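I would like to see how this sequence folds:
(one chain, ligands or ions: 1)
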Amino acid sequence: MKKYFFLLLILVLTSIYYFLRNPMGVNKNSSLISINKTEFGTLKNGTVVHKYTLENKIGTKVSIITYGGIITNLKTFNKLGELEDIVLGYSSLEEYIKENPYFGAIVGRYGNRISKGKFSISGKEYNLARNNGQNHLHGGNIGFDKVIWDATTQIDKNSASLILSYTSGDMEEGYPGNLETRVIYTLNNENSIEVLYEAITDKSTIINLTQHSYFNLSGNFSESILDHEVKINANAFLPVDETLIPTGEIVNVECTPFDFREFKRIGKDINLENEQLIIGNGYDHCWVLNDYGTMRFVAAAYHSRSGRFLEVYSDEPGMQFYSGNFLDGTLPRRDEGYYGNRSGFCFETQHYPNSPNNKEFPSVMLEPNDLYTSKTTFNFSIK
Ligand code: GLA
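Sure, this is the predicted structure:
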């Protein structure tokens, strides 16, 4: 009897010890894979923004904040064994709030542009914010990149997940339906970050979620990304008009600067006299990915000096490849100095821009009782 009492006492004391060491409920017990939670900042209304850092057994670390679901830091090793950040970001919450060109953010409800902010569902017209010239961009004035997400964590032997949830109310930013959204970031021991998006609605609506990290695999943000070699699994791309809305044509990439079917330096053709490159001020176009309908390889980037290699897999039909053309040396880096033109590039997996107004494009409709899912995986290695 006494023996059992002592066993029970030890059990209770051990639980108290672990609770005191880890009151947030975040699993830090495993030395192989871990999640660490800290405070990142406080909004004017008193809401505390948390930062979660997921680390795998290799030592790759990704930090995500509950404001905008933003990936603030992503640290991977280069071929010399140095751990460096490879995504653009700021060091404080204030900077993210002041002006953020979507660095690291979850973008929604509609990633990319909708012509004149208008679309119709069953004959009813909806009007969204025109926050990009005459067009709607990236969910409007307060899109998913600027809201506070609820967060929970889950940790297994080989993976650590941050589960973010946000419910966007009916007509928020002009979109119909209460939309319950979940974005799950998972870092695993295979050195991948998986982003899984899920949503349900109570009214017919449109949805197109994406992730807007700006990569610079060199780990040195004073360098441009023009020396990175990129490959995109796409035989075609979508030309745009002067407001960056797809014209509706689907153009073969062959014999154009948009051909990335084999690895090519981003800088190789970017300054060619090409109408589309002039309109985009570089690459800022949606590629029509091959083999839509399955999870497949969609793009890769390689930086030879650091040896860093990034591969992207997705089940989305398109990918906006943006070469950081609007970066103009005015946004502060985390270290010192400012982010220069083309110091980061984005691989935004998504449905095509302006799909609600183009019947030929894959549908972005979400109906009540249907589950929206979309998945993109970023894999990091050294070559
Ligand atoms: C997307 C758009 C770009 C630009 C950036 C954010 O990639 O396609 O035109 O708006 O987001 O600056």
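
I figured V48 was touching K37, is that so?
No. The criterion here is CB atoms under 8 Å, and V48 misses it with K37 at 11.0 Å. (Glycine included, C-beta is placed from N, CA and C.)

For those two, work out which one has more neighbours and name it.
K37 (18 against 12; other CB atoms under 10 Å).

low-confidence ranges in this protein?
1-31 (pLDDT under 70).

Give me the residue at the spatial middle of it.
Of all residues in the chain, the one closest to the mean position by CA atoms, centre = their mean is Q211, 1.7 Å from it.

K375 is in contact with that residue, correct?
No. Counting by CB under 8 Å, K375 is not a contact partner of Q211; they are 11.0 Å apart.

Overlap in contacts, these two.
Residues within reach of Q211 and of K375 at once, by CB atoms under 8 Å, 6 or more residues apart in numbering, are V195.

Spell out which parts of the stretch 251-383 of the chain neighbour the ligand.
284, 320, 322, 326, 346, 348 (CB under 6 Å from any ligand atom).

Can you tell me the closest non-neighbouring residue to the residue in the stretch 101-250 of the chain that the ligand sits nearest to?
The minimum distance from the stretch 101-250 of the chain to the ligand, using CB to the nearest ligand atom, falls at P101 (3.8 Å). With sequence-adjacent residues excluded and distances taken as CB to CB, 6 or more residues apart in numbering, P101 is closest to F326, at 6.2 Å.

Which secondary structure element is home to that neighbour?
Remark: F326 resides in no helix or strand, with elements defined by DSSP states H and E.

For burial, what's the neighbour tally of it?
Applying other CB under 10 Å, we find 13 residues neighbouring F326.

wait, it sits on Y102?
No. With contacts counted by CB under 8 Å, F326 stays clear of Y102, the gap being 10.3 Å.

just to revisit the earlier point, closest one to the ligand out of the residues of the stretch 251-383 of the chain next to the ligand, please.
Using CB to the nearest ligand atom, Y322 comes nearest to the ligand of these, at 3.5 Å.

wait, what's in contact with the closest one?
Taking CB under 8 Å, 6+ apart, we find Y322 in contact with 283-284, 345-346, 348.

Let's have these in JSON lines, adding secondary structure, neighbour count and distance to I184.
Below are these laid out as JSON lines (DSSP: H, G, I helix; E, B strand; the rest coil; neighbours: other CB atoms under 10 Å; distance: CB to CB, whole Å):
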{"residue": "Y283", "secondary structure": "coil", "neighbour count": "26", "distance to I184": "29"}
{"residue": "D284", "secondary structure": "strand", "neighbour count": "19", "distance to I184": "28"}
{"residue": "F345", "secondary structure": "strand", "neighbour count": "25", "distance to I184": "25"}
{"residue": "C346", "secondary structure": "strand", "neighbour count": "24", "distance to I184": "20"}
{"residue": "E348", "secondary structure": "strand", "neighbour count": "21", "distance to I184": "18"}
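
List phi and psi for K268.
K268 adopts backbone torsions of phi -60, psi -50, taken as degrees, to the nearest 10.
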